[in-house]
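> Provided below are the primary sequence and the corresponding predicted coordinates.
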Amino acid sequence: MDAKVAHKGLTIAGKSFGSRLMIGTSRYPNQQVMMDAIEASGAEIVTVAVRRVSLESGGEGLFDMLGDRFHLLPNTAGCYTARDAVLTAELAREALGTDWVKLEVIGDDETLFPDVEQLLRGAEELVKKGFIVLPYCNDDPITCRKLEDMGCAAVMPLAAPIGSGMGIRNPYNLRIIREQVSVPVIVDAGVGTASDAAVAMELGMDGILLNTAVAGARDPVGMARAMRLGIEAGRLAFESGRIPRKLYATASTPIEGAIEL
Amino acid sequence: MFVIVGGGICGLAIGWRLAAAGRPVTVLERGEAGRGATWAAAGMLAPQAEAEHAEEALLPLAMESCARWRGFADELLAASGIDVDYRDEGTIVVALDRDDREHLEHRFDYFRTLGLDLEWLSGYEARQREPCLARAVTAAIYSASDHQVDSRRAAAALKAAYLAAGGILREGVAVDEILVSGNRVTGVRAGDEEIAAEAVVIAAGAWSRNIPGIPEAARPPVRPLKGQMIALRMETGNPILRHVVWGPGLSLVPQVYFAPKSDGRLLIGATVEEMGFDTGLTGGGLFELLRQAYEALPGIYELPVDETWAGLRPASRDDAPILGPTSVDGLVMATGHHRNGILLAPVTADYVARYLLDGEVAAAMRPFMLDRFRRPVEATA
């Protein structure tokens, strides 16, 4: 990439990443497509549902595929209580040798919205136990601030329900969250296509975590690349500063001094 | 002598073709023939309803094999006297709510771009075909050409046909090593016994990758992909279902399906789990199966449970089979069939046997050879 347009990277808990995209490993048509899509996305952080995969893989499992080329971010998908999530995080720490965890505590399986009360409890406990906690949470500024105060390394508000592809449903809340917390804000869930990712970045979000939008696309590898470009474009636009919106036109070529014919 | 490692549907079918051509062939099976993934499979022959995005390359092979199955079944009946319960009512994919319906429309549009021959049904039309489907079924896709067989009967028929053609089947014999000298296969070792072979076919399903002795470059990228299933027993003479039906799914069960067999068994499957070689049944697995199934077909509530089991799909890295020759002379692949082992058995048998007998690599088999996983070396800048 051209050095002049290179975006600044993302730093979480003191670790820097060149890409602002985090990508999931579920629901791809197959492993080959998954690997090609992750490659095309440029993501360095790859999230894995530790409860759903065996760590003993016999050479062709998920962890064999991912190898040590990526920063693995175990998640607690499928956990409904703080206790469950803490146990899962501990299992992941032991198995994968990482303190990082994407904390998910789900309220119900129709909406997959977070259970805020359990999430806050789980986050508090995991932070105390020395984890680097990245909580998937509602787009609620107060919850996000509480999570930051507890010592979470980032907050990951949803933009729409997981897997819904509905895009950025409440940009105003995301902006308030961005203004109110000082840790990185990662949009987690809801991105359906590249423009959604660009919109989130233009709002000043620090990064995006996505999965279904790529895994479920007709051409996952193509969509992964589109997401990478969307995020780069959105971030660059944010850093470059957009013009204000105005109701009436402003001619780009002033007419003062023009020859009268 | 040809040696085939693995007595599942593909190993037996290849063996049958070779034996029928008058060639000496031995199938080595570490357990009982036909009791691995073949035993666990639902026997659906559904290349259309199961077509998946980013896997279009598999479609022509799957369609060809599906079209061959009726003849294959007739041939098996003639050779073995066993009827494999070939059923041609077709396959219905149902949607149960608004989100499902949108997803189904999306799939239907996609199927049409592939040129598949499918019919869109209203909920009413779907229930005319299958009266026991839930009221909640609001739309469906019907595929007349997606059929099914009973995979266990197919295995029994193949075993009988293979033996009748003069093939040797040794059950309870585990292969401990593939013997390679230079770049050429010379046979296999099982315990203290060495069996010389001009060619060795790896048809060992989920275990194919880890057989000792296969040179690294020729190890097939295959892993076990666990599926839990349940069979209910339908009322004799009054089955609750006649077509294969696919419903929606969640988490462990991405898409629930029903495969009704003529003997009254109603197979419901399947979970998709990356759990290594574990084949344990779990509360969550069976719960998800029954929950998804009940929503599409509430009449299952009353049906007695006949059997529960779990099997291991031999999943290759791209879900397509790995067929034909490798970089090691005489080492031949017939593995990695993922969920399509029953469907792809006829083409697997024909193409692999043709290669072994005549050295011919069929054009249709070429894209599915092991070498596709070897990435071109990236050009240096």
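Everything's here; your move. Numbering: from 1, shown residues only, chains lettered A, B, ... in the order given.
> skipping adjacent residues, who's closest to whatever residue of the stretch 151-261 of chain A ends up closest to chain B in space?
Relative to chain B, the nearest point of the stretch 151-261 of chain A is residue A:218 (4.8 Å; C-beta to the nearest C-beta). Yep, even glycine has a C-beta here, placed from its N, CA and C like the rest. Excluding its sequence neighbours, the residue lying closest to residue A:218 (C-beta to C-beta, 6 or more residues apart in numbering or on different chains) is residue B:53, at 4.8 Å.
> how about residue A:32?
Nearest-residue entry for residue A:32: residue B:318, 3.9 Å, with adjacent residues in sequence omitted and distances by C-beta to C-beta, 6+ apart.
> ok, the one you found touching residue A:30?
Yes. The pair residue B:318 / residue A:30 is scored as a contact, 5.0 Å apart, by C-beta atoms under 8 Å.
> ok, those two, which is more surrounded?
Taking other C-beta atoms under 10 Å in any protein chain shown, residue B:318 and residue A:30 do not tie; residue B:318 has more neighbours (24 against 19).
> could you see whether chain A lies near the helix or strand hosting residue B:223?
According to DSSP states H and E, residue B:223 maps onto strand B:222-233. Yes. Strand B:222-233 comes into contact with chain A (C-beta under 8 Å from any C-beta of the partner chain), by way of B:222, B:223, B:224.
> what pLDDT does the last one get?
The confidence metric pLDDT takes the value 95 at residue B:224.
> surely it meets residue B:316?
No. In this structure residue B:224 lies outside contact range of residue B:316 using C-beta under 8 Å: 11.6 Å.
> identify the residues contacting the residue nearest to residue B:273 when sequence neighbours are not counted.
Once flanking residues are discounted, residue B:273 sits nearest to residue B:226: 4.1 Å by C-beta to C-beta, 6+ apart. Neighbour list for residue B:226: B:271, B:272, B:273, B:274, B:275, B:278, B:279, B:310, B:311, B:312, B:313 [criterion: C-beta atoms under 8 Å, 6 or more residues apart in numbering or on different chains].
> ok, residue A:45 next?
Residue A:45 touches A:17, A:19, A:21, A:22, A:23, A:70, A:71, A:73, counting by C-beta under 8 Å, 6+ apart.
> what does residue B:210 give?
By C-beta under 8 Å, 6+ apart, the contact set of residue B:210 is A:58, A:59.
> with just CA atoms, put the lowest-mean-pLDDT helix or strand in chain A into PDB.
In chain A, no helix or strand scores lower on mean pLDDT, DSSP states H and E than helix A:62-66, which sits at a mean of 83. The C-alpha coordinates for helix A:62-66 follow below in PDB (Å, rounded to 0.1, in the frame of the first residue of the first chain):
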ATOM      1  CA  LEU A  62      -8.900 -24.800  12.900                       C
ATOM      2  CA  PHE A  63      -5.800 -24.100  14.900                       C
ATOM      3  CA  ASP A  64      -3.600 -26.000  12.500                       C
ATOM      4  CA  MET A  65      -5.000 -23.900   9.700                       C
ATOM      5  CA  LEU A  66      -4.500 -20.600  11.500                       C
END
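> show me what counts as buried in that helix.
Applying a neighbour-count criterion of 16 or more other C-beta atoms under 10 Å in any protein chain shown, the buried positions in helix A:62-66 are A:62, A:63, A:65, A:66.
> hang on, residue B:367 is in a helix, isn't it?
Yes. Assessed by DSSP: H, G, I helix; E, B strand; the rest coil, residue B:367 belongs to a helix.
> look up how far residue A:214 lies from the residue nearest to it when sequence neighbours are not counted.
Leaving out its chain neighbours, the residue that sits closest to residue B:367 by C-beta to C-beta, 6+ apart is residue B:57, at 6.1 Å. Remark: distance between residue B:57 and residue A:214 (C-beta to C-beta, to the nearest Å) = 20 Å.
> ok, these two, which is more surrounded?
residue A:214 (30 against 12).
> contacting residues around the more buried one?
A:23, A:28, A:37, A:41, A:220, A:223, A:224, A:227.
> where does the prediction get shaky in the chain?
Just going to use chain A. Applying pLDDT under 70 to chain A picks out residues A:1-7, A:52, A:55-57.
> wait, chain B was what I had in mind.
Checking chain B against pLDDT under 70 turns up B:375-381.
> flag every residue of the stretch 1-150 of chain A that's near chain B.
Going by C-beta under 8 Å from any C-beta, the residues of the stretch 1-150 of chain A near chain B are A:27-33, A:52-54, A:56-62, A:65, A:78, A:109.
> do that again at 7 Å, thanks
A:29-33, A:52-54, A:56-62, A:109 (C-beta under 7 Å from any C-beta of the partner chain).
> can you say which of those residues are buried?
The buried subset of the residues of the stretch 1-150 of chain A next to chain B (16+ other C-beta under 10 Å) comprises A:29-33, A:52-54, A:57-58, A:60-62.
> show me which residues of the stretch 51-200 of chain B are close to chain A?
So the stretch 51-200 of chain B meets chain A at B:52, B:53, B:54, B:55, B:110 (C-beta under 7 Å from any C-beta).
> counting by contacts, list what the helix or strand hosting the last one packs against.
Think residue B:110. Following DSSP H and E, one finds residue B:110 within helix B:98-113. Contact here means 3 or more C-beta pairs under 7 Å, 6 or more residues apart in numbering or on different chains; DSSP states H and E; on that basis helix B:98-113 packs against strand B:91-95, strand B:139-143.
> need the winner for burial among the ones you listed.
strand B:91-95 (a mean of 27; mean count of other C-beta atoms under 10 Å in any protein chain shown).
> what's the angle between that one and helix B:98-113?
140 degrees (axes from the mean of the first three to the mean of the last three C-alpha atoms, to 10 degrees).
> what sits up against strand B:91-95?
Identification of contacts with strand B:91-95 by C-beta atoms under 7 Å, 6 or more residues apart in numbering or on different chains yields B:46, B:49, B:101, B:104, B:126, B:129-130, B:133, B:137-143, B:146, B:243-248, B:296.
> so how far is that strand from its chain's centroid?
Averaging C-alpha positions (C-alpha atoms, centre = their mean, to the nearest Å) puts strand B:91-95 20 Å from its chain's average.
> that strand - which strands sit beside it in the sheet, and in what orientation?
strand B:139-143 (antiparallel), strand B:244-246 (parallel) (DSSP bridges).
> just send these back as a markdown table, with distance to residue B:94 too.
Output for the strands paired with strand B:91-95, formatted as a markdown table (distance: least, C-beta to C-beta, whole Å):
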| stretch | distance to residue B:94 |
| --- | --- |
| strand B:139-143 | 5 |
| strand B:244-246 | 6 |
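> ok, which of the ones you listed comes nearest residue B:17?
Across those, residue B:17 has its closest neighbour in strand B:244-246 (27.6 Å, C-beta to C-beta).
> strand partners of whatever helix or strand comes next after the closest one, parallel vs antiparallel please.
Downstream of strand B:244-246, the next assigned helix or strand under DSSP H and E is strand B:257-260. Here strand B:257-260 is paired, per DSSP bridges, with strand B:244-246 (antiparallel), strand B:265-269 (antiparallel).
> ok now strand B:257-260, how far from the chain's centre?
Using C-alpha atoms, centre = their mean, the offset of strand B:257-260 from its chain centre is 15 Å.
> all helices of the stretch 51-200 of chain B, in order?
B:59-80, B:98-113, B:123-129, B:151-164 (DSSP state H, counting those that start in this stretch).
> can you add mean neighbour count and give the ones you listed back as a markdown table?
Putting the helices of the stretch 51-200 of chain B into a markdown table (neighbours: other C-beta atoms under 10 Å in any protein chain shown) gives the following:
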| stretch | mean neighbour count |
| --- | --- |
| helix B:59-80 | 18 |
| helix B:98-113 | 14 |
| helix B:123-129 | 16 |
| helix B:151-164 | 24 |
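> include distance to residue A:154 when you put these into a markdown table, please.
Below are these laid out as a markdown table (distance: least, C-beta to C-beta, whole Å):
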| stretch | distance to residue A:154 |
| --- | --- |
| helix B:59-80 | 42 |
| helix B:98-113 | 30 |
| helix B:123-129 | 45 |
| helix B:151-164 | 49 |
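> the residue of the stretch 151-261 of chain A closest to chain B: what secondary structure?
Residue A:218 is classified as coil under three-state DSSP.
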